[in-house]
Structures are given as structure tokens and as C-alpha cells.
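Engineer: Attaching a predicted model along with its sequence, questions to come.
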Amino acid sequence: MMFASLARPKWMLTAAICGLLASCANGPPSVPSQKPQIGQPSVPETGPIVFKSSGNPEMDLWRADFADRAMGAGHPRALVKSLLENIRPLPLWLGNKVEAATAPSSQAEFAKPIWDYLKVPMGETRISGGQAKLAALGPTLSAIEARYGVDRQVLLAIWGMETSYGGFKGTDDAPNALANMATEGRRRTFAETELYALMTIVERGYARRDQLGSGWAGAMGHTQFMPSTYIAHAEDFDGDGKRDVWKSEADALASAANYLARSGYVKGQPWGLEVRLPADFDYGLSDGNERRMETWVAAGLAPITGGAFETGGAEYAELWVPAGHAGPKYLLFKNFNVFKTYNRADSYAFAVGLSGDAIMGKRGPLTPWPTHLSPLTVSEIRELQLALVARGFDAGTADGIAGRRTRLAVQAFQKTQGQIADGYPTQQVLVMLQAAPIAAPTGLN
Ligand code: CA
């Protein structure tokens, strides 16, 4: 389960927290120096927890403040201490690579052409691995499907996407990963909320402190649950009394199924169907600008395989044209958006859908990818957006992501050039755009 939106500003150290740390460093030790004698009641520890330095002063300051707030909120001192006493700065979060590692531009979903992004999820290793699990876990998958109403190929695909079927569950400790995220600061509130959720997990006895393994952003187990997601949706499916998403495949898959079901998954409906478009199709209808199946049928859309659409009762679908008019086109159904509760990137949800189908023996897309075209990088999309706006086409904020508004602006520009207006932002479009004259300002006195 990835995260993406990074809110600034960076966490600022406050005088109050510095004052707190000073009291930590210089105040009297809060741990009794003598063991209580037999017959004497033990003296409960009070005051701030004294931690050994993490090796990073900013992390120490954050920890002193957060530990105090956590105890103030009623979390047991021993638990707060056990979660935070061994935190240490990770280079990914608190080294020089932070910007590079967490900026949207470096996330694979945004940086690669979609056909490159799909190579691993659609590769032989991943698909045959899914088929092996499909065969090995048949009865478990049937039981999960029956209880939660989530199709098995979806669970296998997500399991493959998240951890390669448990092969790469992450080697970090969730409290440490989240402490790093909190100290780094851009998602501090999120990280602290997840740390509180970890405390709840241990307090309720769902898992022990030493079981909280995670990936670099605090997502845990086979299907990479964030702690708050774990509390809300994790399941004990194998019946041993523990919701063990780390070691139990049945628990992890049932937990993912429960999460998807509660997010609105509709069993038996497709996530997407590859389609054939009629000549002179208006691409302005794509990206959610038209959604009724009856309109798509009336407009002449058909399944790429021929025949009638089998939607499992779904009446609405958006048209998605991920690589322009020369590439595959899809009608996307509600389940596609449900996949995005795991990761908001379209390319991620697409990989879940495609790899799930492939595990069941149905390979797609049938239309080849237009690899002769050169999709734009994030910074080039930003250039494109600025160039569109300068020429009077409303591309919205120059955020480097070719969303619906940007694609509509590209379509409007392509129409002025007599091109097929598919809205696909390529090098070819950018060059053409930069050669077009800048619009004169309008509406100004
Ligand atoms: Ca269990």
C-alpha cells in the first residue's frame, strides 16, 4: 500500500519542544536508581521517558515530544517506550535522498511509460507465481471468495503487486519506519496517526511488539496493511485467534478481501474491458466525461474480442485511453476504482486487473502498445502544461501529472492542428505545441 500525497511545510522545531528536550537531557533521572526492596511497593516511573539518542537530533526532538503526547493520550509508558526506544534514522527518509526517493516524479507509476511499468507485474515470474498460489491455495481462496465476495484473481494480483506473494514483505520495523516519516515531516500527522494505531494493535493483543515488521513506509505483512487499515479491516481467517497478516497467508488474503469488499468491490463484474472504438470517435468522452454503458453501445464501442459486453450488471464505465488512439483502450468499471484504495495510481490498478486476468489465463491487452511514441516525463508534462496555458488552453495547475483537465487541453490543441484529438501527451505533441504561437492576453484592459 503506497502513499503519495506529500504535504509541506517541513515540520518546524518549536521552542516548547526544545525546552522539553532540555528537561529530558538535564533533569533528574526518572528511573529509580535502586531496585525496590522486597515488601516495598515498586515506584511507578513518571515524567518524560529518557531515551538513548537515535543518532539524529531532529528525530530525538520529535520522539521526546511525541512520546509525551502518546502517554498524555493514555497509552502505557512501557509500550510507548518499547515502540520508540530503538528508532534510528534511515537514509531513505532522513539522508540526502529524501527528495529523490519520495517525490512523485520518482515513483514508478508516474515515471515510466505504462508498457514499461507493466513489464514486472505482467512478467512470467509474477504470473506463474500467481498461478502456483492459485493451485496451492484453491480451497482457502474459495472460502475467502465465498465469505467476502471478492474474486480470487484480484487477491492474488494484489498479493503479487505488494510483496511478490510474500517474498518481499519489507525488512523494516513499522514503528521505526513511521518515526522516520514523522521526523522527515511532510506526512507527520499521518505517520503519528499510524503510530497510535500500532499502539492500539499491541494494546488489544492483536500482535506483539516484536511482530510489527513492515516496508519502508510502515505497510505490514503479505498484503501491506498500514496499521490503521489493519485495525479497521484485518481478519483472522485461519481461526487461531490472531489476525496475523505477517505469517498467515489465509489471514492476509482474507484481510485484503475484507478491505476491498468494504471499499465497494462487486463480485463478478469486470474491472475493465478492452474495447474497439468507431472511426471519428470523440475522445472528449473519455476520462469520465461520459459513463453510461447504453451511450457507449449506441456510440459504436464494442469489446475487442467481439460479441456483446458482459458487464455483470454494471451500467456505468469510464473510457480510458492510456496510450493514445494507437494503443489499447479500456472501459473501466467500479472495481478499478476499488483497486485504487490500495494505491491511487491508475497504472497500479491497471496492473492489478491485467495480472489477475493473466493468472486466470486471459492475457491482455490484445492491442499492441505504441512503443514508437515517446511519452513525457513528469517535468516535461509540467512544461507541456505551462505551454498549453500560455497558448490559452486550460491545463490547470502545472503539477507534472497528465490528469483529465490536461488531457482535455491537449485534445483542444490537437483539434486546432487537425490531429486525432486523443489527448495523449507525447514528445511529438510537445514539439508541435512549442512551435505554436503564444496566445495574446485576453480580458485585460
Ligand atoms: Ca489467524
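Structural biologist: Received, thanks. Numbers count the residues shown, from 1 in each chain.
Engineer: Please count neighbours and contacts with C-alpha atoms only from this point.
Structural biologist: Fine.
Engineer: Quick check: residues of the stretch 101-250 of the chain near the ion?
Structural biologist: Residues of the stretch 101-250 of the chain lying close to the ion by CA under 5 Å from the ion are D236, D238, D240, K242, R243.
Engineer: go again using 8 Å as the cut-off
Structural biologist: Counting by CA under 8 Å from the ion, the residues of the stretch 101-250 of the chain lying close to the ion are 235-245, 248, 250.
Engineer: want to throw those into CSV with neighbour count and distance to P57?
Structural biologist: As requested, these are arranged in CSV below (neighbours: other CA atoms under 10 Å; distance: CA to CA, whole Å):
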residue, neighbour count, distance to P57
E235, 24, 39
D236, 18, 40
F237, 21, 43
D238, 16, 44
G239, 10, 45
D240, 10, 43
G241, 10, 41
K242, 16, 38
R243, 25, 36
D244, 24, 35
V245, 25, 34
S248, 18, 38
A250, 23, 42
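Engineer: Narrow these to those in helices?
Structural biologist: Under the assignment DSSP state H, those contribute A250 to helices.
Engineer: Which residue is it, in the stretch 1-150 of the chain, that comes closest to the ion?
Structural biologist: For the stretch 1-150 of the chain and the ion, the shortest gap (CA to the ion) falls at T140, measuring 12.9 Å.
Engineer: Roughly how far does that residue sit from P91?
Structural biologist: 40 Å (CA to CA, to the nearest Å).
Engineer: ok so, going back, tell me the buried residues in the host helix or strand of the residue of the stretch 1-150 of the chain closest to the ion?
Structural biologist: Element membership for T140, per DSSP states H and E: helix 138-148. Buried residues in helix 138-148, defined by neighbour count with 16 or more other CA atoms under 10 Å: T140, L141, I144, E145, Y148.
Engineer: Please put the alpha-carbon coordinates of the very next helix or strand once past that helix into PDB.
Structural biologist: The first helix or strand that comes after helix 138-148 along the chain, using DSSP H and E, is helix 152-163. This file holds the C-alpha atoms of helix 152-163, laid out as PDB (Å, rounded to 0.1, in the frame of the first residue of the first chain):
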ATOM      1  CA  ARG A 152      -9.600 -14.800  -6.200                       C
ATOM      2  CA  GLN A 153      -7.600 -13.400  -9.100                       C
ATOM      3  CA  VAL A 154      -7.800  -9.900  -7.600                       C
ATOM      4  CA  LEU A 155      -6.500 -11.100  -4.200                       C
ATOM      5  CA  LEU A 156      -3.600 -12.900  -6.000                       C
ATOM      6  CA  ALA A 157      -2.800  -9.900  -8.100                       C
ATOM      7  CA  ILE A 158      -2.700  -7.500  -5.200                       C
ATOM      8  CA  TRP A 159      -0.600 -10.000  -3.200                       C
ATOM      9  CA  GLY A 160       1.800 -10.200  -6.100                       C
ATOM     10  CA  MET A 161       1.900  -6.400  -6.600                       C
ATOM     11  CA  GLU A 162       2.500  -5.700  -2.900                       C
ATOM     12  CA  THR A 163       5.100  -8.400  -1.900                       C
END
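Engineer: Quick one: list the elements packing against the helix or strand following helix 152-163.
Structural biologist: Once the chain leaves helix 152-163, the next helix or strand it forms, by DSSP H and E, is strand 172-173. Counting by 3 or more CA pairs under 8 Å, 6 or more residues apart in numbering; DSSP states H and E, the packing neighbours recorded for strand 172-173 are strand 213-214.
Engineer: The strand it packs on: what's the following helix or strand?
Structural biologist: Next along the chain after strand 213-214, taking DSSP H and E as the criterion, comes helix 227-233.
Engineer: Outside of that following helix itself, list whatever touches it.
Structural biologist: Outside of helix 227-233, the residues that reach it under the criterion CA atoms under 8 Å, 6 or more residues apart in numbering are 193-195, 197-198, 201, 218-220, 255-256, 258-259.
Engineer: quick one: the strands in the protein?
Structural biologist: With DSSP state E as the criterion, the chain has strands at 172-173, 213-214, 272-276, 302-303, 318-320, 329-332.
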